[in-house]
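**Student:** Predicted coordinates and the sequence they were generated for:
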Amino acid sequence: MTRHLAPRTIIILIMSALVAAQSVLSQLCTDSVCHFSLVIRRTKTMTHTRNLNGRRDTNSVKLRDDGRLELFSPLGNPAHPGKENVNGTLVPMEEVITTDGVQRNVITVNDMFPGPTIEVVEGAQVVVKVTNKLLTEATGIHWHGLHMRSTPYMDGVPYVTQCPIMPRESFVYRFNAEPAGTHFYHSHLRTQREDGLFGAFIVHRARSPIVPSIPVILHDWYHIEATPYWISNMFGLEHAGDGEYMLGAYERPFSHDGVKVSSRVFNSALINGRGRFGDNRAPLSTFMVPSGGHGNFRIIHVGPDYPFRFSVDQHELTVTASDGFDMTPRRVQSVIIYPGESYDVRINGTARPDLYWVRAETLRVGHCTKCYPYDEVVVVPDDVTEEVRAILRYQGVTADRDPTTTKRGCTNDNPCHVFNCPFAGYPEHLHTSCINMNDVEALALPSEGAGQSKATDRYAGHSRTTEAADVIEIFLNFNFAIGSSVNGRRFIGPTAPLHQNTTAATVPCDEELCLRSGCRCTHMIDIPYNQTIQLVMYNTFAPTSQTHHSVHIHGHAFQVVAMGYPSYNKTTGRYMQPNTDVKCKNDLWLCTDATWRDGPPLLNLINPPLKDTVLVPANGYTVVRFRSDNPGHWMLHCHNDQHMNEGMALVLREAADRHPPPPAGFPTCGDFTWSSEQYQSALDGGGPAVPPGPPDVQTTCTAPDLQVIALSAVGGAVVMAATLAAAIYCAINRKKAASPPAVTVAADAVPLKSNVGDA
Ligand SMILES: [Cu+2]
């Protein structure tokens, strides 16, 4: 019988004896059933609301040169009663969502940015009522890193696991808090996460004391909201040329390995919702650490695009876990974190009591002067800095100023170590070495069985064998062959949750077409129950493999059993030749069918690290394993927002015959259409008596998908051909549509031959 305890949710501002964070509100619940309420709405940054004569008065806020915030109103003069005392009035920075000091619209959760941290104990039943108070947008919250065992329809992916939550509606999520560790929640509806719909979700290990910790939420930040950004770039992508907010080819940032970091115009970044644009004096987040003590930081990258290298001046980081899973601690100077990942790090207060810079820098070292082909890129170092800072303050230090610290140097005698590099190493002269995820060992803990995904062959030893009876190996190509895609398929999301089994809600993949020339479809891969699934996620075959990806799986964690890197020039750190372990079986460009060239590489099956989001290096590959013991529809996608939305995603339909049905009354949704006969029957007063028939013949062709993609792909040279192809496509479909049975023309399985996209 379910225990219905009175909710005893404790609202606390994290102010432990050990460590304190800036303005991150935590909701800690240690009960077996925990209730939370999240209210989603939009607001504007750099505004302040005050009570004035019994009414709420909202004004813009100006950032002064000294970093303080003052109210501002163009109406602030004696001619406007009630506004006389607006201009120049100082307001506490805690009462303002400042982001980077530039005003724009954002999404808040419970009026907070980032949203409140949810903290529960492993095994608790978590009940979250999400209320959508957005004006016109639907939403849905994904619980990133939680496995939703037995409740896959609670995974929070609109149109995949549930209907979107419409404006004014609420939806109650109810699920088990498992596994323990650092996770987060965020909108999974298109680009909504970028605008602020996120927060940390901490699951404390059962039967262990709750150790105070601080979420450190990283976010690359843009001065244009996600929707207009997306419209602009979709316009660019679909009409040849780059979007308004995309960098031109010669402006794009590159990392040491000669791989492009991003195509987005970098504005700024935020740590727990705060940063600075340029050299302005916007308030920054501050973390406190006791001298001689330590702080436990839970770093989460919720942002859409740029990876960050996180460090604290003059301090070592001890990395203890990633994506919630403990690993053998490693002491490093910095950790690189990609969108969707989390890292737990301990920082010891061993330096002189003072203020120190906390830094999250992008991987930019320069830009390209020869940008194509990707294996011949020439990168020229530049002094463009892309970073966000926060402040580490030793307890007792009261100085009200910025830190003046610098990073410690890396020398031959005292080299630096970087955790989770996307490449094999740094240029020699930097005296910096990489610890890659395949160098990492999981830390076995007594409660491993409960908290960590039921790992496979965990103590079986290193192996080259994938022939075991229950290992199913699936090769997945992430190399941008036709833009953001997996195995030559750009994902088209369904129009109704998959458990509804609405045939018309998905666009089937034309396998022959997808293999031959690429396609757009609702890409689903069936995996049987209770097998070891080995995913080989490869990103090879230049010239298209020009970016690293961070791939996230829902419903599982996986073991990272192997990673393969390209070859590098040791002096410069530059990429030279792609890894050749994976061999294409068909078209080299698309490579929708692949295998191992000489059998699988050495797989670490002894103590591989567990993660739910992992790097797939450019011109290399990553091999992961999980046990298919959690029936459901699970997204697998790149956590770069643009890549995902362009189609670098698929659904794993795991144990299709064992999906638990959603509870009675679970919302349903989907497309609606009706026929002329039904319409006539309605006019005649017959109403719904006529059974639903086929919809009307569609006479307007929807071929632009074909046309615009071809246009964007290769530019003007094929404009005429593409236009002609589209015309033929329309003509054929009109002819088809004119003959019974009538069909709608869907944008299905459109042939693609493009290298558009990326970002
Ligand atoms: Cu990606």
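**Tutor:** Perfect, I can see it now. What you are looking at is a predicted structure, and each value in this text was computed from that prediction instead of being measured. Numbers count the residues shown, from 1 in each chain.

**Student:** got the contact list for the residue of the stretch 451-600 of the chain found nearest the ion?
**Tutor:** Nearest residue of the stretch 451-600 of the chain to the ion: residue 549, at 3.4 Å (CB to the ion). C-beta: built from backbone N, CA, C; applies to glycine. For residue 549, the contact set (CB atoms under 8 Å, 6 or more residues apart in numbering) comprises 478, 539, 615, 616, 638, 640, 643, 648.

**Student:** and with 6 Å instead?
**Tutor:** Residues in contact with residue 549 (CB atoms under 6 Å, 6 or more residues apart in numbering) are 478, 616, 638.

**Student:** distance of it from residue 137?
**Tutor:** Using CB to CB, to the nearest Å, residue 549 is found at 27 Å from residue 137.

**Student:** returning to that earlier point: tell me the pLDDT at the residue of the stretch 451-600 of the chain closest to the ion?
**Tutor:** Listed pLDDT for residue 549 reads 97.

**Student:** one step back: tabulate the contacts of residue 549 (JSON lines), appending distance to the ion.
**Tutor:** Shown next, in JSON lines, are those (distance: CB to the ion, whole Å):
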{"residue": "478", "distance to the ion": "7"}
{"residue": "616", "distance to the ion": "8"}
{"residue": "638", "distance to the ion": "3"}
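
**Student:** Mind checking which of those residues land in strands?
**Tutor:** Counting by DSSP state E, the contacts of residue 549 place 616, 638 in strands.

**Student:** So residue 271 sits against residue 285, correct?
**Tutor:** Yes. Under the criterion of CB atoms under 6 Å, residue 271 makes contact with residue 285 at 4.9 Å.

**Student:** and these two? which has more neighbours close in?
**Tutor:** The neighbour comparison of residue 271 against residue 285 (other CB atoms under 10 Å) goes to residue 271, with 26 against 22.

**Student:** how about the strands of the stretch 551-700 of the chain, start to end?
**Tutor:** With DSSP state E, counting those that start in this stretch as the criterion, the stretch 551-700 of the chain has strands at 558-564, 567-568, 575-577, 582-584, 594-596, 610-611, 613-616, 621-627, 632-638, 649-654.

**Student:** Please identify the deepest-packed of those strands.
**Tutor:** Of the strands of the stretch 551-700 of the chain, the one with the most neighbours on average (mean count of other CB atoms under 10 Å) is strand 610-611, at a mean of 30.

**Student:** hmm, back to that, would you mind grabbing the residues shared as contacts by residue 271 and residue 285?
**Tutor:** residue 390.

**Student:** where's the dip in pLDDT among the contacts of residue 549?
**Tutor:** residue 478 (94).

**Student:** which non-adjacent residue is nearest that residue?
**Tutor:** Take residue 478 and drop its neighbours on the chain: the residue closest to it by CB to CB, 6 or more residues apart in numbering is residue 539, 4.7 Å away.

**Student:** residues in contact with that neighbour?
**Tutor:** 478, 479, 545, 616, 618.

**Student:** re earlier: ok, the contacts of residue 549 vs residue 305, which is closest?
**Tutor:** Among the contacts of residue 549, residue 638 lies closest to residue 305 (CB to CB), at 10.7 Å.

**Student:** In contact with the closest one, which residues?
**Tutor:** By CB under 6 Å, 6+ apart, residue 638 lies in contact with 549, 551, 644, 648.

**Student:** quick one: the residue of the chain positioned farthest from its centre from residue 673, how far?
**Tutor:** Distance to the chain centre peaks in the chain at residue 684, reaching 52.4 Å (criterion: CA atoms, centre = their mean). For residue 684, the distance to residue 673 (CB to CB) stands at 20 Å.

**Student:** cool, residue 144 as well?
**Tutor:** Applying CB to CB to residue 144 and residue 673 gives a distance of 35 Å.

**Student:** again with residue 321
**Tutor:** Residue 321 is 50 Å from residue 673, by CB to CB.

**Student:** Looking at the two, which is more packed in?
**Tutor:** Each of residue 321 and residue 673 has its neighbours counted (other CB under 10 Å); residue 321 has more, 22 against 12.

**Student:** which strand residues sit across from the more buried one in the sheet?
**Tutor:** Beta-bridge partners recorded for residue 321 (DSSP bridges): residue 326, residue 344.

**Student:** Tell me the confidence at residue 572?
**Tutor:** So residue 572 comes in at 89 (pLDDT).

**Student:** Quick check, it in contact with residue 427.
**Tutor:** Yes. Judged on CB under 6 Å, residue 572 makes contact with residue 427 at a distance of 5.3 Å.

**Student:** for the stretch 301-450 of the chain, what spans make up the strands?
**Tutor:** 308-312, 317-322, 325-332, 334-337, 342-348, 355-361, 366-370, 378-381, 387-394, 416-419, 432-435.

**Student:** In contact with residue 589, which residues are there?
**Tutor:** Taking CB under 6 Å, 6+ apart as the test, what residue 589 contacts is residue 481.

**Student:** how close does residue 117 get to residue 338?
**Tutor:** For residue 117, the distance to residue 338 - CB to CB - is 21 Å.

**Student:** just residue 147 next, same as before
**Tutor:** Distance of residue 147 to residue 338, given as CB to CB: 21 Å.

**Student:** do residue 304 as well
**Tutor:** Distance, residue 304 to residue 338, by CB to CB: 11 Å.

**Student:** buried ones in stretch 472-486?
**Tutor:** 473, 475-486 (16 or more other CB atoms under 10 Å).

**Student:** Any chance of a markdown table for those, columns secondary structure and distance to residue 190?
**Tutor:** Listed next are the buried residues of stretch 472-486 as a markdown table, based on DSSP: H, G, I helix; E, B strand; the rest coil; distance: CB to CB, whole Å:
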| residue | secondary structure | distance to residue 190 |
| --- | --- | --- |
| 473 | strand | 32 |
| 475 | strand | 28 |
| 476 | strand | 23 |
| 477 | strand | 24 |
| 478 | coil | 20 |
| 479 | coil | 24 |
| 480 | coil | 20 |
| 481 | strand | 23 |
| 482 | coil | 20 |
| 483 | strand | 17 |
| 484 | coil | 14 |
| 485 | coil | 17 |
| 486 | strand | 18 |
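
**Student:** farthest pair in those residues?
**Tutor:** Using CB to CB, the two most remote members of the buried residues of stretch 472-486 are 473 and 483, lying 25.8 Å apart.

**Student:** State the three-state secondary structure for the spatially closest residue to residue 144 that is not a sequence neighbour.
**Tutor:** Closest residue to residue 144 apart from its sequence neighbours, by CB to CB, 6+ apart: residue 184 at 5.1 Å. Following DSSP: H, G, I helix; E, B strand; the rest coil, residue 184 is assigned to strand.
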